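[1] A predicted structure for the sequence below; I have some questions about it.
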Amino acid sequence: MTPGKGRDRELPPLVVDYTGERLAGVDEVGRGPLVGSVVAAAVILDPTCPIPGLGDSKTLSARRRELLDGEIRAKALAFAVAEASPGEVDELNIFHATHLAMRRAIDALAPAAEYLLVDGNRLPGHHVPGQAVVKGDARHAAIAAASILAKVARDAQMLALDARHPDYGFARHKGYPTREHLAALERLGPLPEHRRSFGPVKRQLALF
């Protein structure tokens, strides 16, 4: 796979210690936002049915992500999307909540994965063996597919939240701490969906 070609040339070749067919790529979206769940996905691609154009979800247009999301769901051997709630983020911290969401996605795969490739530098503490892959969404198709499913799912959550609370601008900033979001937070106060342990939200809760 050669997604994000300009960046991939700088990455070393990925050596995978597994040669079977039930390899799951795992990735997450939503560690940085101030609001909403952290969403993870796990995908086992069908080696006999490749999907052209897979790449890091952040480098793709929203329309392209949505098209690939549908193709992944139609062609993958297995896929699952899971999340950890804002309350779980506050209770566990974002690092542990992210791994919880990943484990939930892995557990929901049918057939089950035999090996994991997880984007990042840490495995999520699951019993299935695997390896962590830094910049994995640009280095392996299964991780790229997981990043796309997670991104599309979380963006849909932000669009739904925007429909309920249009003054916050969630459709534009997707919950990240942009100037627009911080200004709305200061003006309108936190919503129940905001992560209360995150600094900007915590400061505003003290004022409202």
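    That came through, no problem.

[2] next secondary structure after the lowest-mean-pLDDT helix or strand in the chain?
    Sorting the helices and strands of the chain by mean pLDDT, DSSP states H and E puts helix 5-8 at the bottom, at a mean of 46. Going down the chain from helix 5-8, the next helix or strand is strand 23-29, by DSSP states H and E.

[3] any idea which helix or strand comes after that next one?
    Per DSSP H and E, the helix or strand that comes after strand 23-29 is strand 38-44.

[4] ok, T178 to P200 distance?
    11 Å (C-beta to C-beta, to the nearest Å). For the C-beta atoms, the positions are set from N, CA and C on the backbone; glycine is no exception.

[5] then L67?
    With distances taken as C-beta to C-beta, L67 is found 34 Å from P200.

[6] list the buried ones in whichever helix or strand G87 is part of?
    Assessed by DSSP H and E, G87 sits inside helix 86-92. Of all the residues in helix 86-92, those buried under the rule 16 or more other C-beta atoms under 10 Å are 86, 88-90.

[7] cool, stretch 17-31 as well?
    For stretch 17-31, by 16+ other C-beta under 10 Å, it's 23-30.

[8] wait, a helix at E66?
    Yes: E66 sits within a helix when classified using DSSP: H, G, I helix; E, B strand; the rest coil.

[9] tell me the domain ranges of this structure?
    5-161, 167-205 (automatic domain parsing).

[10] just these: most buried one?
    Each of the domains of the chain was scored by mean neighbour count; the highest is domain 5-161, a mean of 19, by mean count of other C-beta atoms under 10 Å.

[11] how about the strands in this structure?
    23-29, 38-44, 78-84, 115-119, 130-133 (DSSP state E).

[12] would you turn those strands into a markdown table with mean pLDDT and distance to A62?
    Below are these laid out as a markdown table (pLDDT from 0 to 100; distance: least, C-beta to C-beta, whole Å):
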| stretch | mean pLDDT | distance to A62 |
| --- | --- | --- |
| strand 23-29 | 98 | 13 |
| strand 38-44 | 98 | 16 |
| strand 78-84 | 98 | 17 |
| strand 115-119 | 98 | 20 |
| strand 130-133 | 97 | 25 |
